[in-house]
Each structure stands twice: as C-alpha cells, then as structure tokens.
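Q: I'll drop the sequence and a predicted model, then ask my questions.
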Amino acid sequence: MDDRFNAYLLRSDVPGRRSGPLAGRTVAIKDNISTAGMETTCGSRILKGYVPPYDAHVVSLLRDAGATINGKTNMDEFGRGTTTENSGFGPTLNPVDTTRVPGGSSGGSAAAVAAGLAEMALGTDTGGSIRCPAAFCGIVGFKPTYGRVSRYGLVAYANSLETIGPMGRTVGDISALLRVISRPDPRDSTMQGLPYEHDPVPSVRGRTIGVPAEFFGEGVDPRVAAKVRDSIETLAACGAKVVPVSMPTMKFALAAYYITCTSEASSNLARYDGVRFGPGAEVQRSWHDAFTAVRAEHFGEEVRRRILLGTFALSAGYYGRYYGKAQTARAQVAADFERLFRSVDLLAGPTMPTVAFRLGELADPLSMYLADILTVPANLAGVPAISVPCGSVDGLPVGLQLMGRPFDDETVIDAAAAFEAEVTA
Amino acid sequence: MSADQVIIGLEIHCQLDTRTKLFCGCSTDYRDDGPNTHVCPVCLGLPGTMPAVNRRAVEYALRVAKAFNCEIPEECEFSRKNYFYPDLPKGYQITQYDRPLALGGHIVIEAEEGGEKKVRLTRIHMEEDPGRLVHRGGGARARYSLVDYNRSGVPLIEIVTEPDLRSPKEARRLLAKLRATLEYLGVFDSEKEGSLRVDANVSIAGHDRVEIKNISSYKGVEKALTFEITRQRSLIRRGATVERETRHFVEARGTTTASRSKVEEHDYRYFPEPDLPPLRVASWLDDIALPELPDARRERFMQQYGLSINHARTLTGDLRLAEFFEAVAGEDPVLAATWVADTLLGELNYRDRTIATVDPIRFRSLLSLVGSGTITDRSGVEVLRLVLDTPEEPASIVERLGLAVTGDDAVATAIAEVLAEQPQAVADYRAGKGAALNYLAGQVMKKTRGRADPREVGRRLAEALAE
C-alpha cells in the first residue's frame, strides 16, 4: 500500500473472516478506537507503544462481520484539532490536493477512503471530526445519534459529545457499516439499544427541510454557500419542501462546545501518567515530579492548551461561570433543535464554512475553533448529521450537511441517498 | 451545651460485600490472592473503557438507606472527583457529589448519659475504592512504591453523620450499631481487612474543628478521638488556638499528626460523570424487604427469652453473636445468655477470637452440664476454656478431670437439707408413721431433679433418720 498521504499510523494485512456482511471489504480504523494487539496511540506520543488488550465493541462487531481491518489512521492528537496537523506523528495530506489538510480530527480515515487505500473507515465525531474531513476529502461521513453506537473502547476525549461513526465513498457503504457497528452493548450505559437496521431508500419526497439562516452567516465562503444552496434546490426538485428557519442559539454553540469538551478532556487525560501505559515515568523521581515530566514531554501543545482551559473551567469558583453555564447553553441548543424538528424533518446547510485549508494556514487556535461552528450544534444536541459531497470550489470538495431528529438516523441517510442518486445519475 | 462540650461528626466508608466490583465484573474476593490478579481493563482505567453500574451494589446501598430511614431522591448521579494519586488509575474517582443516593435519616444509639439518642445522618453516597500502594523499603524511607489494583473499583458507601456525637464512646457505639445493622442487612463483612475506614471531625465547642483521617479500626476511632480531644483541650487550656486542619491517625502510637496544610488542599473539580446517566432508583425501595434489625431483635430477645436489656443488647449487637445465642438458647435461655454474654465473650476477647470460631453444639453440651447441676459454674468455666482451646467434647472433659458433682454428695446434701426443712415429717417418721419416709424421699428426689436412684435415696434416708 502506498501511503503517500500519511493516512495510516499502523497498517495491517490480516484478512477478515470469509463470511459476514463485510467479508472481503477493507475498513480503516481511527487510532483512538481500541484494537486488541494493534498499537492504539490516539495520535499522541504519550501512548506510543500502548497495545490494548481488548477490542472496542465496534471492532469486535467488524471482526464478526468479516471486515478486513487494514490499519489505524492518523488523527489530531486525542481528537484535538480540525486539520490532522496536530498529530504527534506528522500531518496527513489531503489526497485531493496534497498542499491542503484533510480536515480533522478523523483526517487519516477520510484520506484513506478518498485515496482508495480502504473502502470504508471508522471515524469519531466530537464536534465535527467525521463530517469535516469527509467534506474536505470529498467522501461521505456520518455522525450517528448520540447513544446509537457503543463508545466502549473509544479513547475518551469529550464523552458527552462524541460518537463513533462510518465514513465511506457512498451513502450505501456508510449505511452498511452503521448497520454492523450499531449493535447494543451493555458496557456503554449511554446507549439506548436502538440498533440501525435500515436499507437506504433514496427519497426525500414529502419531507420538510429547514435551512437555518445562521448556517450561511458571517465567515461562510460565499462560493461554498452557493454550492450548498444549489444542492438544497436539488433536494427540493426531488420532492422535498424547503423552508427558511432560524437557530438563534447558534451564537452560544461554539462557547458551550469548547467549555464542555475541554472540561471533560482535562479529566479524561489525567490517566496518562506514565504508570500503566505509554512511555514510562522516571521511577527515581518523586511521583509528582515524574508524572508531570511525562505529561510535559509527551503531550502536544494543543492538548496541553485544552487541558489547561478545561481545568480552569472546572475550578472551584469558576464552575458556575463556565462549565455550569455551558450546560445551560447546551440545553438551549438542544431545545432549539427540538423546536425546529416539530415543523421540519431535516435541517440542511454547509458542513464546513470553507474548503480545505492549506497546510499551516490555521496558525492560531482561535481560527481553528471557529471553523467548527457549523458542526458542533449537532454534537451539543446529540442529533444525527451527515456530510455528503456536493460539488467543488476551485477543485476542492464541498460537503452538504443534513441533520435529523434524534434516533431518526434513517431519514438523514435516506435524504443523503436521494441527493447522491440525483447528482450521480 | 457546656463550654467544654466535645462535638464529633463521622464520615464512614464501608465496602459493600458484593461479589463483583462497582463498575466492572471483576471479583471482589481478592484478599488471599496475589497483587493485580482481580483486574480488567475497566478497573485498571485503560484508555477507552467505560463504567457500567453494578445494580446489586446500588440495591445494597438502598437497603442501608432504608434501614436508617433516609430519603431517596427521585434521581441521583455519579460525579468525578479529580486528583492525581498513583493508586487512582483514571486520575479521578467516580463518586457522588451534589446528588447523592440518600439524604437524611438517623442511627439510634445508647447515649453516654443513658437512654437512646438519634444521631442524624447528612447523606449516604456510593463510590469506587481506589487501588492500594505498597511501599518498598519501609515507611518514609521507602525507595519506591508498588501499586495493587485488586481493590480498585470495589463498591463503597460513605455515610456522613451530622455533628451529633458528644464523646469518643458515643462514636464507638455509633460504629458498633452501624456495623451490626450493615451485617444484619447482609451487605457488609466487618471481618474483611480494610472493609471500614473512618474520618472523624472533632472540635471543642467554640473552637475550630480538626479532621482526623485514616482510621481503619473500630477501636482506633475511640483512641484517635480521645487523643485528639486531650490535645485540643490542652491547647485551649494553655490559651493556644486549635488550628483548623487535617490530621492523620497513627495507629501504632495511638496519636494524631498534622498532615496537609490548607494551601495544599485539593480542588477536586467535581463534575457529573458523562459516561453514566443519572440513576432513578427511588422505586426500587418498594421491593426491598428489610430483615429483622438489631433493635427489633433486642426487643424480641427480651420478650421471647426473658433476657435483661443488657444481655439482649450485647447479644444482638453482632449478627453472628445473635445467631449463636439462638442456636444454643435451648430450654434455659437466661442461663445461655449469661454464659454467652458474660463468660464466653470474655474468654474470646482474651484469645482475640470471634464467635464464628465457636462450635455451638459443643457449647450447648457444656450448657446442659451446667444447667443440670452435673458440674458447678466454676467447673463450667474450666470446661469452657478447654472447649475453646482443644477439640475435646465437654462430657469427656468432665469425665477425664472428674468434674462431675458426685452423686453421693448431691444425695447427701439433699437429704440433709430435706431433714432440716421438714421437721414435722421427721417427727412423724420417728413417731412410727412409715409413710412419712416416702414423703421425705419424694422431697429429696425433687431436689436432685430426679437424677438420684430412688431405692438408694430411701436406704440412705432411713440411715440418716436412724442416727
């Protein structure tokens, strides 16, 4: 396999079982999903050498379904980033244009699929980490409803926001993959036990699609906006009713998202102390000095920044002002979705405000955080969301984002299938 | 409240005696096994693992809450308590913070000044036990430490009392009552090493309070509090200030020493555990049938067996003891109660043994030997010691050592007593009324509880009267 794009951190050539719904098909797995016997680093040097003794639930399901797991894909360290440049093992390049980033944090998975190195891939989406790279690399990426796919074995970044989801070249592929990975798992207490058992019906006839004005606001490249509006017209031509709507809580979304995810992350990352996995702590020093040194040496800059932000947001005296307030804002975002879904079946807009950035273009962290504005609302509310390719701007792919009601992943996939059928016909 | 009044509140951690850990399926029966043999990815905190609540542990905690009349909120929640310590595999402990399982309630104890006293509870919450550190090279000079995660994830309940206790003795009584109740509920095994840990808050009225951490035995609590109260009183007497601080109990020396200062106090950054949805378990209470608890059993022992309140209290203060008593009570429960509460417990205490090591069948044989007058009380104690220290049967001990009250002596004593008590019948016999002899023989038989040979009694009675 020629991995010119640094899509993989680890490759494997062990074929899967001969039978099962995914027999003979290759699946790449994001490196924050535990694979027994295969190093799992989350793109971080602090987990270099860590080989999990167990499979994530989704990995067991893939093995049972006959999939050939052909490697572990690169990512922003612990999912902290929107470009896959924040990997401890070098950036992944966008196969469409190698001067561009593939998006992130599931950039390796998107690049592997876009480059044809794997037919399908698993990614994880905390604030857009499946949809962003899918949009940037011109593939399909789906974030299922929170609680539909077991997270057991997914190395936690922000537990209350993230889900594992399928990535592929077609809507049919991501549907087939979701069918395999959404089986119930008692080890994940946030699972609702509603497996996805659907075959896509490419139709939006009779569906109402809301188009929030905020998804076409400031910072959205007008050429990207135009592509997406054209795509929504296509859906209207297929029989959907398109209505303009408003999501006023969008203005809280980014702040609520970053406070929640950095807070949870600051706690999730506390276990990397050099005692049980990864590069060992120096045993001759005192415990406190030893683990501090391990963390300072092996965590990347963006990770350390987020640990500091999250630690601050949870501190005594600041909890109410930050974490507590973020949860209130989050509840308001969810209520906004609920209100909209009383009158519409789907919401549509761009996945990303722009096309793929140049490598190194997002130098300051704030501009990177702002790029997540259109994807984080779905995570805050836990609703399903898909990105499907809808053309290109300057030769770079643009993604159409469709969001649906919680646990109505089926309608989102049907609409995406209808769009895909229309544009490829 | 007098100016010198002692004020004590306790935070008591008890391991729930479930078969498996709080958030994974690992066995909790690790005490006889090597380090890190009862572990899995979950309780080792490996990346990607998630907690799943052990319903049995929740049910156990609810039994405790119900027994102490706590209020169960409709919804409770687990939170993360974040701090770095090498025995804490995830860098945080999953515990309950602002939405605990149970609120309020009380434990009834015998008050220092007599009578009953309700000690109010603040709350009961659930949490996971951390692992255990083993320091190599000894104490403060240890060169390195090893971590054993066998204990990691064992379910704990923390019971927090209001500052209602007024003496170390009351604190000890509260713990004894708590332990007994938890054992009656079948949720706790006090004999498992490390199954109970206590933090005590103690102050003298009008002065700052001190928290004593790390008390891991029942006796230790009374000792630590007694030491600490003496220390605080002497500071106050000298006009010094009692610092608000955390102190550690040093079991070996029976003293407390200052530990972390205020500036080092942790900010635990609590927040709700995102991997566990809130628990709605208030409705489970209806399905929990409480067994007979210590107070009810004490009343029953008084009613059913005619025991004194002191004996009843002692015997019901420990589940195994209460069960042992009921197994040996037999036809003379008052005698049994006296022997168990007053004699057996002392002998066990002297030997540092528990009631579980005593065979009720052999003890019952001993009781019938005493009850029948075959041996005297004094010989009974001697036999008891041998019953405890050797496998020999009581009857065989009595025979081997010749402890039985000899038949002759018993009959002779009875005859002498009867002759003294029945002057009329004696006079009648001597006046030639032969039937009077039968009456006197009957009295002797009665005194020997029918154990004497009637023909022999008649012969010896005639001899005695002939003198």
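A: Nice, thanks for sending it over. Residues are numbered from 1 along each chain as shown, chains lettered A, B, ... in the order given.
Q: just checking, residue B:384 touches residue B:347?
A: Yes. With contact defined as CB atoms under 8 Å, residue B:384 counts as touching residue B:347 (6.2 Å). Placement of C-beta: from N, CA and C, glycine included.
Q: Can you give me the neighbour number for residue B:442?
A: Residue B:442: 13 surrounding residues under other CB atoms under 10 Å in any protein chain shown.
Q: how would you label it: helix, strand or coil?
A: Here residue B:442 is recorded as helix under DSSP: H, G, I helix; E, B strand; the rest coil.
Q: quick one, what contacts it?
A: Under the criterion of CB atoms under 8 Å, 6 or more residues apart in numbering or on different chains, residue B:442 has no contact partners.
Q: what's the distance between it and chain A?
A: According to CB to the nearest CB, to the nearest Å, residue B:442 stands 78 Å off from chain A.
Q: Now do the strands in chain A.
A: Here chain A has its strands, by DSSP state E, at A:8-11, A:26-30, A:68-73, A:120-125, A:140-143, A:163-168, A:208-212, A:241-245, A:346-350, A:385-393, A:396-404.
Q: Adjacent strands (with direction) for the fifth one?
A: Each strand pairing with strand A:140-143, determined using DSSP bridges, is listed with its direction: strand A:163-168 (antiparallel), strand A:385-393 (antiparallel).
Q: Out of these, which gets nearest to residue B:226?
A: Closest to residue B:226 of the strands paired with strand A:140-143, according to CB to CB: strand A:163-168, at 56.7 Å.
Q: Can you name the residue of chain A nearest to chain B?
A: Relative to chain B, the nearest point of chain A is residue A:270 (2.4 Å; CB to the nearest CB).
Q: thinking again about what came up before, what would the strands paired with strand A:140-143 look like in TSV with distance to residue B:152?
A: Listed next are the strands paired with strand A:140-143 as TSV, based on distance: least, CB to CB, whole Å:
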stretch	distance to residue B:152
strand A:163-168	27
strand A:385-393	38
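Q: Deepest-packed of those, please.
A: strand A:163-168 (a mean of 30; mean count of other CB atoms under 10 Å in any protein chain shown).
Q: who's in contact with that strand?
A: So strand A:163-168 is contacted by A:33, A:56, A:58, A:106, A:109-110, A:113, A:119-125, A:130, A:133-134, A:139-146, A:148-151, A:154, A:173-175, A:177-178, A:181 (CB under 8 Å, 6+ apart).
Q: got any ranges where the chain has weak pLDDT?
A: Just so you know, I chose chain A. Counting by pLDDT under 70, chain A has low-confidence residues at A:1.
Q: To clarify, I was referring to chain B.
A: In the predicted model, chain B carries pLDDT under 70 at residues B:1-3, B:137-142, B:260-265, B:406-408, B:449-452.
Q: sorry, back to before: let me know whether the residue of chain A closest to chain B touches residue B:82 as I believe.
A: Yes. Between residue A:270 and residue B:82 a contact is recorded at 6.3 Å, counting by CB under 8 Å.
Q: any common contacting residues for the two?
A: By the contact definition CB under 8 Å, 6+ apart, residue A:270 and residue B:82 are jointly contacted by B:91-92.
Q: for the chain, which helix is longest?
A: All of this refers to chain A. The longest helix of chain A (DSSP state H) is helix A:250-268.
Q: if you could check chain B rather than the one you did, that'd help
A: helix B:218-237.
Q: ranges for the strands of the stretch 101-250 of chain B?
A: Here the stretch 101-250 of chain B has its strands, by DSSP state E, counting those that start in this stretch, at B:102-103, B:106-110, B:116-128, B:132-136, B:144-148, B:155-161, B:196-204, B:210-215, B:245-250.
Q: Touching the shortest one from outside, list them.
A: By CB under 8 Å, 6+ apart, the surrounding residues in contact with strand B:102-103 are B:61-62, B:64-65, B:70-73, B:122-125.
Q: ok, of those residues, which one's closest to chain A?
A: Distances from chain A to the contacts of strand B:102-103, taken as CB to the nearest CB, are shortest for residue B:61 (17.3 Å).
Q: Can you name the element that comes right after whichever strand or helix holds the closest one?
A: Element membership for residue B:61 (DSSP states H and E) is helix B:55-67. Proceeding N to C from helix B:55-67, the next assigned helix or strand is strand B:79-82, under DSSP H and E.
Q: Extract the CA atoms of that next one and return them as CSV.
A: Extracted C-alpha coordinates of strand B:79-82, given in CSV (Å, rounded to 0.1, in the frame of the first residue of the first chain):
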residue,chain,number,x,y,z
SER,B,79,-19.6,12.6,39.6
ARG,B,80,-15.9,12.7,39.0
LYS,B,81,-13.6,13.7,41.8
ASN,B,82,-10.4,14.7,40.0
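Q: Which strands or helices does that strand pack on?
A: On a contact count with 3 or more CB pairs under 8 Å, 6 or more residues apart in numbering or on different chains; DSSP states H and E, strand B:79-82 meets helix A:250-268, strand B:92-95, strand B:271-272.
Q: neighbouring strands for that strand, and are they parallel or not?
A: Assessed with DSSP bridges, strand B:79-82 is paired to strand B:92-95 (antiparallel), strand B:271-272 (antiparallel).
Q: what sits up against it?
A: A:266-267, A:270, A:314, B:91-99, B:127, B:268-273.
Q: pretty sure residue A:280 contacts residue A:274?
A: Yes. Under the criterion of CB under 8 Å, residue A:280 makes contact with residue A:274 at 5.4 Å.
Q: And these two? Which one has more around it.
A: More neighbours surround residue A:274 than the other of residue A:280 and residue A:274, with 20 against 12 (other CB under 10 Å).
Q: Tell me who's in contact with the more buried one.
A: Each residue near residue A:274 by CB under 8 Å, 6+ apart is listed here: A:46, A:280-281, A:290-291, A:294-295.
Q: same question, residue B:399
A: Contacts of residue B:399 (CB under 8 Å, 6+ apart): none.
Q: now do residue A:260
A: A:158, A:160-161, A:323, A:326-327, A:330, A:380.
Q: any idea which of these has the most stuff around it?
A: residue A:380 (28 neighbours).
Q: looking at it, it is touching residue A:255, isn't it?
A: No. With contact defined as CB under 8 Å, residue A:380 does not count as touching residue A:255 (10.7 Å).
Q: joint contacts of those two?
A: What both residue A:380 and residue A:255 touch, as defined by CB under 8 Å, 6+ apart, is an empty set.
Q: now residue B:446: how far from chain A?
A: 73 Å.
Q: Check for me that that residue belongs to a helix.
A: Yes. The assignment for residue B:446 is a helix, going by three-state DSSP.
Q: Find the nearest non-adjacent residue to the residue of the stretch 301-450 of chain B found nearest chain A, please.
A: In the stretch 301-450 of chain B, no residue comes nearer to chain A than residue B:319, which is 34.1 Å away by CB to the nearest CB. Leaving out its chain neighbours, the residue that sits closest to residue B:319 by CB to CB, 6 or more residues apart in numbering or on different chains is residue B:183, at 4.2 Å.
Q: quick one: contacts for residue A:285?
A: residue A:293.
Q: give me that answer again for 7 Å
A: Neighbouring residues of residue A:285 by CB atoms under 7 Å, 6 or more residues apart in numbering or on different chains: there are none.
Q: Pretty sure residue A:79 sits against residue A:128.
A: No. Shown here, residue A:79 and residue A:128 do not form a contact pair, counting by CB atoms under 7 Å, at 10.6 Å.
Q: Might you enumerate the residues of chain A proximal to chain B?
A: Proximity of chain A to chain B (CB under 7 Å from any CB of the partner chain) is limited to residues A:34, A:52-54, A:56, A:151-155, A:159-160, A:186-190, A:263-264, A:267, A:270-271, A:273, A:275-276, A:283, A:287, A:291, A:311, A:314-316, A:323.
Q: Select only the buried ones of the residues you listed in ChimeraX?
A: Per 16 or more other CB atoms under 10 Å in any protein chain shown, the buried members of the residues of chain A next to chain B correspond to this ChimeraX selection:
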select /A:34,52,54,56,151,152,153,154,155,159,160,187,188,189,190,263,264,267,270,271,273,275,276,287,291,311,314,323
